[in-house]
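Enquirer: coordinates only, sequence not included:
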């Protein structure tokens with residue numbers, strides 16, 4: 001991904017991004033935790049046949065800046081990405097979000113409800129994110145990392161073996177996650193102060209409780225064409241979350257991906273991208 005990407009300075013931060021370019025409809029992608037835009041390396045070739053795709057690394061992730069004196073609030077992350085898209089001249093596009101990115105996406109929905117009109121969003125897709133945090137099955141490592149006191153210690157003591165075990169446990173078919181991918185994901189996580197900011201980054205989980213009414217409310221009120229694309233065997237962002245999102249917004253299209261875990265775009269890229277393109281083709 002690094003060779004395909006470039007950096008932009010946004011509000012004083014270096015933000016790494018990939019822009020596939022071309023005069024095509026625009027697809028804006030928000031990645032999850034604790035990974036990076038690398039999550040989409042298998043699906044970008046197919047997506048870019050029909051869409052100009054822009055995917056970035058959030059501050060605190062991947063190749064982007066990981067400052068020690070930044071809040072890592074999802075509210076600020078949303079502001080940075082909106083400013084970044086405007087900086088690139090984005091005026092309209094489809095929005096797709098996974099995991100961590102789904103809460104940034106619902107913050108964007110809340111701002112649209114408040115009158116934000118600088119970018120015209122044509123649709124929204126949420127994929128395997130614990131937006132209904134009360135239903136999520138958080139891993140022990142997440143609970144420890146988000147703790148103000150224990151988190152920095154756990155982050156400092158973390159290693160690739162622990163990371164690999166936790167990542168494999170959220171795949172349905174563990175054979176689909178190879179050592180090369182794990183090496184890259186670990187390198188992206190730890191580079192540029194990665195361990196030092198990991199605990200602060202993980203506290204986004206608490207914001208999902210704090211802003212629950214704002215974000216779930218925005219999802220309920222949104223008039224955008226909506227898509228819930230869910231790997232049904234995700235052990236963290238469990239199927240009950242997708243069902244709750246569908247109850248909240250019954251006009252949303254719900255598509256299940258059976259026998260897949262938390263990272264369906266890596267575990268079964270062809271199935272995932274087929275569902276994405278089918279939905280986008282209707283909107």
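Expert: The structure has been received and is ready for your questions. All figures in this text were calculated on a predicted structure; none of them were measured in a lab.
Enquirer: Phi and psi next, for the residue of the chain most remote from its centre.
Expert: In the chain, the residue that sits farthest from the middle, by C-alpha atoms, centre = their mean, is residue 149; the gap is 25.9 Å. The phi/psi pair for residue 149 (degrees, to the nearest 10) reads phi -100, psi -50.
Enquirer: got the contact list for residue 14?
Expert: Residue 14 is in contact with 7, 8, 64, 65, counting by C-beta atoms under 8 Å, 6 or more residues apart in numbering. Any C-beta I mention is one placed from the backbone N, CA and C, and that applies to glycine too.
Enquirer: can I assume it sits in a helix?
Expert: No: going by DSSP: H, G, I helix; E, B strand; the rest coil, the assignment for residue 14 is strand, not a helix.
Enquirer: Can you tell me the closest non-neighbouring residue to residue 181?
Expert: Leaving aside its sequence neighbours, residue 181 sits nearest to residue 266 (C-beta to C-beta, 6 or more residues apart in numbering; 7.0 Å).
Enquirer: what number of residues lie near that neighbour?
Expert: 23 (other C-beta atoms under 10 Å).
Enquirer: Make sure it is actually in contact with residue 42.
Expert: Yes: in this structure, residue 266 is within contact of residue 42 by C-beta atoms under 8 Å, at 6.3 Å.
Enquirer: follow-up on the earlier one: is the residue nearest to residue 181 within a helix or a strand, and which one?
Expert: Following DSSP states H and E, one finds residue 266 within helix 264-267.
Enquirer: helices or strands up against that helix?
Expert: For helix 264-267, the packing partners by 3 or more C-beta pairs under 8 Å, 6 or more residues apart in numbering; DSSP states H and E come out as strand 226-231, helix 269-281.
Enquirer: okay, the angle between the first one and helix 269-281?
Expert: Using axes from the mean of the first three to the mean of the last three C-alpha atoms, to 10 degrees, the direction of strand 226-231 lies 170 degrees away from that of helix 269-281.
Enquirer: Check the average confidence over strand 226-231, would you?
Expert: Mean pLDDT, strand 226-231: 98.
Enquirer: Neighbour-wise, give me the winner out of the contacts of residue 14.
Expert: That'd be residue 64 among the contacts of residue 14, by other C-beta under 10 Å, with 24 neighbours.
Enquirer: measure that residue to residue 77 for me?
Expert: 11 Å (C-beta to C-beta, to the nearest Å).
Enquirer: Mutual contacts of the two, please.
Expert: residue 58.
Enquirer: Quick check: buried residues in stretch 201-217?
Expert: 201-205, 207-208, 211-212, 214-217 (16 or more other C-beta atoms under 10 Å).
Enquirer: Report the distance from the strand or helix carrying residue 215 to the chain centre.
Expert: If you go by DSSP H and E, residue 215 is part of helix 212-221. Taking C-alpha atoms, centre = their mean, to the nearest Å, the mean C-alpha location of helix 212-221 is offset from the chain mean by 18 Å.
Enquirer: same check, this time on stretch 34-49
Expert: 12 Å.
Enquirer: helices or strands up against the helix holding residue 215?
Expert: Other elements packing on helix 212-221 under the criterion 3+ C-beta pairs under 8 Å, 6+ apart are helix 100-113, helix 239-248.
Enquirer: Just list what the longest one packs against, helices and strands only.
Expert: If I follow you right, that is helix 100-113. Looks like helix 100-113 contacts strand 26-30, helix 74-87, strand 92-98, strand 120-127, helix 204-210, helix 212-221 (3+ C-beta pairs under 8 Å, 6+ apart).
Enquirer: just these: most buried one?
Expert: Mean neighbour count (mean count of other C-beta atoms under 10 Å) peaks for strand 26-30 among the helices and strands packed on helix 100-113, with a mean of 25.
Enquirer: Name the strands paired with that strand and say parallel or antiparallel.
Expert: Strand pairing for strand 26-30, using DSSP bridges, gives strand 52-56 (parallel), strand 92-98 (parallel).
Enquirer: Could I get those strands in CSV, plus columns for distance to residue 142 and mean pLDDT?
Expert: Shown next, in CSV, are the strands paired with strand 26-30 (distance: least, C-beta to C-beta, whole Å; pLDDT from 0 to 100):
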stretch, distance to residue 142, mean pLDDT
strand 52-56, 23, 98
strand 92-98, 16, 98
